[in-house]
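Asker: Just a sequence and a predicted model for now, questions to come.
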Amino acid sequence: MDVTYARDDVVTFTKSIYSLIIFLVLWEAVAQMGLVYYYYLPPLSDVLARFVELTLSGEIPYHSYLTLRRALVGLVIGTVFGILVGILIARNAVAEWFFDPIIKIGYPIPIIALVPVFMLWFGIGDQSKIIMVAIGTFWPIAVNARNSAQRIDKNYIRSARMMGTSDRRLLWRVVFPAASPGIVTGLQIALPLSLIITFVFEMVAGGGGLGALEIEGVRTFDPTQVYATIIAIMLIGIALDRALRLLRNHYLRWV
Amino acid sequence: MAHADTGSLGVLPRRFQHATRLIVDWIPLAIVVVLWEFASGTAVPADVLPSPVTVSVQIADLLATGEIFSHLFVSLFRFGVGLGLSIAVGVVLGIGMARSAPIENFFDVFLSMLYPIPKVALVPLAMLWLGVGTGPAVLVVFLACLLPIIMNSYNAAGDVDQNLVWSAKMMGTEGWELLRKVVIPATIPHILTGIRQAIPIAFIALVSAELVASYEGIGYLILEAGQVGNYSLMFANIVVISAVAYAFVTGFEIARDRVVVWT
């Protein structure tokens, strides 16, 4: 039995990646035969060699660190404020009255259009990038935390109150858990957004990071650097996506 | 909890209630705008934060002289072509993958590799292939919108009510006709959800591509105005592109609710 299962797995696996293998072989062959300009599509082997070279030289790790630090610090700040404001809106009529129209106007703004504004206000350094990520990620977190917290079954709150739960405990034990599915939904939007803001900011304003490394490849006519950086970005994207899924499965088991 | 002040409004004649509600609802924004007006030139230099009046005058000026329209048309053309292509390709791929295992096996691996990459990170790659201008912008908008549209069409086409499919088959509907008469109508509301999700993503991709790889379009105008220090022009362009993005999302939702009446 085990053997057949194993063979089925192999068949399924092969079926699911054969197209990728064809694609990669074609890429290498077409590029090696010089059917496309090196500048457009360098051979896969050159790209992989460059990726290894940039990784061992410490360039990719260093620029990944810069990018991740900006994106994640900003994301954490945006998330904390987003949760606070989102829950406040859901629990307090005055806060709702005040923040709702601001969110209605603020959320649809294509945040990326504000890169030149943040360059003007806070310069081109890390601080400016982190503030922009924090403000950009604030909206989806606040909106989703609010939506979740507003849907709390009133009976939960009444029961907790009846059993003498204090305001603070109510917030921590009832409101916050009820808002957490929305917070995770918000994070699923905010996490890619934090990377988008960081990459574009780095491409426009420099200061290191994967976005800057990538655009430098274009400016110095070095296509392998562009491709190698995209591989690094893809790996980081996969890792962060996995981390978020783990977080969701861990914290939202009870949903 | 919404509109906790309804009670106090009850004393007003009914026809005033709506207008009053509207005013009360939008007072917070008025507060922000007034604070902004006062802060500009006092707390912060008027250069760094042009007042709402200055920005409004600038917008009126841009519209009156028609200066902005050529750039706006360039941006909207890129938005439209990129989103249109992603709808055409995404719907076909999504439905195809849901209804046919070989198609799914072929494309699935590429989509799972594209998924974790923030699509704006492909702007430099698009520049290698297509240079600067409309080409890379269209490509990046297309790639950014592709996944939400594929995902929604795929899930919907896979979840079509089997009773509908069986009934149609029993009455002799097969193959292409089954797809056209049963699967696609059942999928359309979800495809529209996918497009609705894609519109804001398209604007982010568009502006990113125009900031990095363009000498035309609203994204380029914003960056250029900032670089030459014409900050009221920079803010005016940001307001214009935000208003356009907002109008597209709202307009699309209204149109969808009118067209899709069968759900």
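Answerer: Thanks, I have it.
Asker: For A:V115, see how far away the residue of the stretch 151-263 of chain B found nearest chain A is.
Answerer: When you check the stretch 151-263 of chain B against chain A by Cβ to the nearest Cβ, the closest residue turns out to be B:G226, at 3.4 Å. The way it works is simple: take the backbone N, C-alpha and C, and place the C-beta from them, glycine included. Computed with Cβ to Cβ, to the nearest Å, the distance linking B:G226 and A:V115 is 9 Å.
Asker: buried ones in the helix or strand that contains A:L120?
Answerer: Secondary structure assigned from DSSP states H and E places A:L120 in helix A:115-122. If you call a residue buried by 16 or more other Cβ atoms under 10 Å in any protein chain shown, then helix A:115-122 has these buried ones: A:115-120.
Asker: Next: stretch A:222-241.
Answerer: Within stretch A:222-241, the residues that qualify as buried by neighbour count (16+ other Cβ under 10 Å) are A:222-234, A:236-237, A:240.
Asker: what sits up against stretch B:94-111?
Answerer: Stretch B:94-111 is touched from outside by A:15-20, A:23, B:93, B:147, B:149-158, B:179, B:183-184, B:187, B:191, B:194, with contacts defined as Cβ atoms under 8 Å, 6 or more residues apart in numbering or on different chains.
Asker: Filter those down to the buried ones and express that as a PyMOL selection.
Answerer: Buried subset of the contacts of stretch B:94-111, written as a PyMOL selection, criterion 16+ other Cβ under 10 Å:
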select buried, (chain A and resi 15+17+19+23) or (chain B and resi 93+147+149+150+151+152+153+154+156+157+179+183+184+187+191+194)
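Asker: So which of the contacts of stretch B:94-111 are in strands?
Answerer: Filtering these for membership in strands, criterion DSSP state E, returns an empty set.
Asker: How is chain B partitioned into domains?
Answerer: Under automatic domain parsing, the residue ranges defining each domain of chain B are B:6-39, B:61-259.
Asker: List the buried residues for the first one?
Answerer: For domain B:6-39, the neighbour count (16+ other Cβ under 10 Å) marks B:28-29, B:32, B:36 as buried.
Asker: so which of those residues also contact chain A?
Answerer: The residues of the buried residues of domain B:6-39 that also fall near chain A, by Cβ under 8 Å from any Cβ of the partner chain, are B:28-29, B:32.
Asker: buried residues in the lengthiest helix in chain A?
Answerer: Determined from DSSP state H, the single longest helix within chain A is helix A:59-91. Residues A:59-60, A:63-64, A:66-68, A:70-75, A:77-79, A:81-83, A:85-91 are the ones in helix A:59-91 that count as buried (16+ other Cβ under 10 Å).
Asker: Just the buried positions in the helix or strand that it is followed by, please.
Answerer: Reading on from helix A:59-91 to the C-terminus, the next helix or strand found by DSSP H and E is helix A:93-106. Across helix A:93-106, burial judged by 16+ other Cβ under 10 Å covers A:95-103, A:106.
Asker: Show me what from the stretch 151-255 of chain A comes close to chain B.
Answerer: By Cβ under 8 Å from any Cβ, the residues of the stretch 151-255 of chain A that approach chain B are A:192, A:195-196, A:199-200, A:203-204, A:210-211, A:214-215, A:217-218, A:223, A:226-227, A:229-230, A:233-234, A:237-238, A:240-241.
Asker: Report the contact partners of the nearest residue to B:L72 once chain neighbours are set aside.
Answerer: Computed as Cβ to Cβ, 6 or more residues apart in numbering or on different chains, the closest residue to B:L72 that is not its neighbour in sequence is B:I218, at 6.2 Å. By Cβ under 8 Å, 6+ apart, B:I218 lies in contact with A:113, B:68, B:71-72, B:75, B:207, B:210, B:237, B:240-241, B:244.
Asker: which stretches of chain A form helices?
Answerer: Using DSSP H, helices in chain A cover A:2-32, A:44-56, A:59-91, A:93-106, A:115-122, A:126-150, A:154-162, A:167-170, A:176-205, A:210-219, A:223-251.
Asker: can you check the stretch 1-150 of chain B too?
Answerer: B:6-9, B:14-39, B:52-65, B:67-99, B:101-114, B:123-130, B:134-158 (DSSP state H, counting those that start in this stretch).
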